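[1] Sequence first, then the predicted structure, then my questions.
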Amino acid sequence: MLEYGMTSKGMTNMNFLSKNIVAGIWALILGEVLAYITGQLESMTPDYTLVGWCSVIMGLIVINCVDKITADANPSEKNN
């Protein structure tokens, strides 16, 4: 059985994974809600599967880019 101990590397990987899972779920929910509202306003039927995949992919790209940008902007992290 694989266990993560209290090492900083294990916790970093777990935080990274949980952050991406939460971001993917929220992107899916918000993308589907936006597709529904847009579909009702335009009187058309959106492809919810395509909207779901696109929103999750874009959400993961955005959260990882923001995480990378903010990590590079922290000067205290660079000295370690």
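    Received, thanks.
[2] what residue of the protein is the furthest out?
    Ser43 (29.7 Å; Cα atoms, centre = their mean).
[3] can you pull the contacts of that residue?
    Going by Cβ atoms under 8 Å, 6 or more residues apart in numbering, Ser43 touches no other residue. Where C-beta positions appear, they are placed from N, C-alpha and C, glycine not excepted.
[4] can you pull out the strands in this protein?
    Read by DSSP state E, the chain holds no strands at all.
[5] Please pull out the lowest mean pLDDT helix or strand from it.
    helix 75-78 (a mean of 65; mean pLDDT, DSSP states H and E).
[6] which residues in this protein form helices?
    8-42, 48-72, 75-78 (DSSP state H).
[7] center of the protein - which residue?
    Central residue of the chain (Cα atoms, centre = their mean): Ala23, at 2.9 Å.
[8] now it: how far from Glu42?
    27 Å (Cβ to Cβ, to the nearest Å).
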